[in-house]
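Participant: predicted model follows, preceded by the sequence.
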Amino acid sequence: MKAIVLCTCLLAATVAVAHAQAPAVPEAPIVVSGTLADEASKAALLARLREVYGANRVVDQLAVGTVAVPANWNAYLHKLITPNLKMVTRGQLKVDGNVVSLRGDVADDAQRQQIANDIATTLNPTYTVNNGLRVVVAEQAVLDTALGNRIIEFESGKAALTESGKAILDQMSVALLKLKNKKVEVIGHTDNAGSRAGNLSLSQARADAVKNYVAGRGVALDAIAVSGEGPDRPVADNRTAEGRARNRRIEFKVIQ
């Protein structure tokens, strides 16, 4: 985390896209991380998250330290966490001082606009809002169904696919070929073990490896974009072996 970051509030929303007929999965945890000024602020934020999402889903990775925040910052932060955020899947809400960034998938443009309007009316004019919400396209269900709840595995610390990882990608290649003229982004993610820079590089290399593998199965190279998010978007608790395994993943998103 950069020194200038005052608080990073990461909300990993439900990975299942019910309206797109994705495979049924347990509700994903809400991972909240970053730095707050005191224990009272931390307790209040966790209470708000548990009220909206349920106590069992919230994973606390918050720290307490010396930070400077805008006036009434805690109150604005709490107002941002509304039940409407549960409409966002694969989501991330980041609050860095007076800059608010929201990303993730929603069912339609009406939801996208509703959430954006809620945020705009909650904050005062000193805040900047970056709305990165995207409307899920119908073809996303094809990829979600093909991947299911499975993790594409690599050799430890490397970008070399395991045999089980290749087997899953053989099936994903068939799904990708069904999308015809759609473009797909392959996104690599890691756990938080090791340096952030190293994990960003590894996640990018793994996304590249997936692209090259599916290209060898007939998927057009120019139909695949790649990116590496490193440890920045966890979907589970990095303090457990199971959580770290879930965070080491490849994500497929239809982008056009």
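Facilitator: Here it is on my side, so go on.
Participant: what lies in contact with stretch 243-252?
Facilitator: 59, 90, 143, 147, 151-152, 154, 172, 176, 184-193, 206-207, 210, 231, 234-238 (CB atoms under 8 Å, 6 or more residues apart in numbering). C-beta here means a position set from N, CA and C on the backbone, and glycine is covered the same way.
Participant: please save the CA atoms from that stretch in CSV.
Facilitator: C-alpha atoms of stretch 243-252 as CSV (Å, rounded to 0.1, in the frame of the first residue of the first chain):
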residue,chain,number,x,y,z
GLY,A,243,-8.3,-18.6,1.3
ARG,A,244,-4.9,-18.1,-0.4
ALA,A,245,-5.7,-21.0,-2.8
ARG,A,246,-9.0,-19.3,-3.8
ASN,A,247,-7.2,-16.0,-4.3
ARG,A,248,-4.7,-17.6,-6.8
ARG,A,249,-7.1,-17.7,-9.7
ILE,A,250,-7.7,-16.8,-13.3
GLU,A,251,-10.8,-14.8,-14.2
PHE,A,252,-12.5,-14.6,-17.7
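Participant: alpha carbons of the single longest helix found in the chain, as PDB, please.
Facilitator: Secondary structure of the chain per DSSP state H: the longest helix is helix 196-215. In PDB, the C-alpha atoms belonging to helix 196-215 read as follows (Å, rounded to 0.1, in the frame of the first residue of the first chain):
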ATOM      1  CA  ARG A 196       3.300  -6.900  -4.400                       C
ATOM      2  CA  ALA A 197       5.600  -6.200  -7.300                       C
ATOM      3  CA  GLY A 198       6.500  -9.900  -7.600                       C
ATOM      4  CA  ASN A 199       2.800 -10.900  -7.500                       C
ATOM      5  CA  LEU A 200       1.800  -8.400 -10.100                       C
ATOM      6  CA  SER A 201       4.500  -9.700 -12.400                       C
ATOM      7  CA  LEU A 202       3.500 -13.400 -11.700                       C
ATOM      8  CA  SER A 203      -0.200 -12.700 -12.200                       C
ATOM      9  CA  GLN A 204       0.500 -11.000 -15.600                       C
ATOM     10  CA  ALA A 205       2.700 -13.900 -16.700                       C
ATOM     11  CA  ARG A 206       0.000 -16.500 -15.700                       C
ATOM     12  CA  ALA A 207      -2.600 -14.500 -17.700                       C
ATOM     13  CA  ASP A 208      -0.200 -14.500 -20.700                       C
ATOM     14  CA  ALA A 209       0.300 -18.300 -20.300                       C
ATOM     15  CA  VAL A 210      -3.500 -18.800 -20.400                       C
ATOM     16  CA  LYS A 211      -3.800 -16.700 -23.500                       C
ATOM     17  CA  ASN A 212      -1.000 -18.600 -25.300                       C
ATOM     18  CA  TYR A 213      -2.500 -22.000 -24.300                       C
ATOM     19  CA  VAL A 214      -6.100 -21.200 -25.500                       C
ATOM     20  CA  ALA A 215      -4.600 -19.700 -28.700                       C
END
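Participant: and after it, which helix or strand comes next?
Facilitator: strand 224-230 (DSSP states H and E).
Participant: I am finished for the moment; much appreciated.
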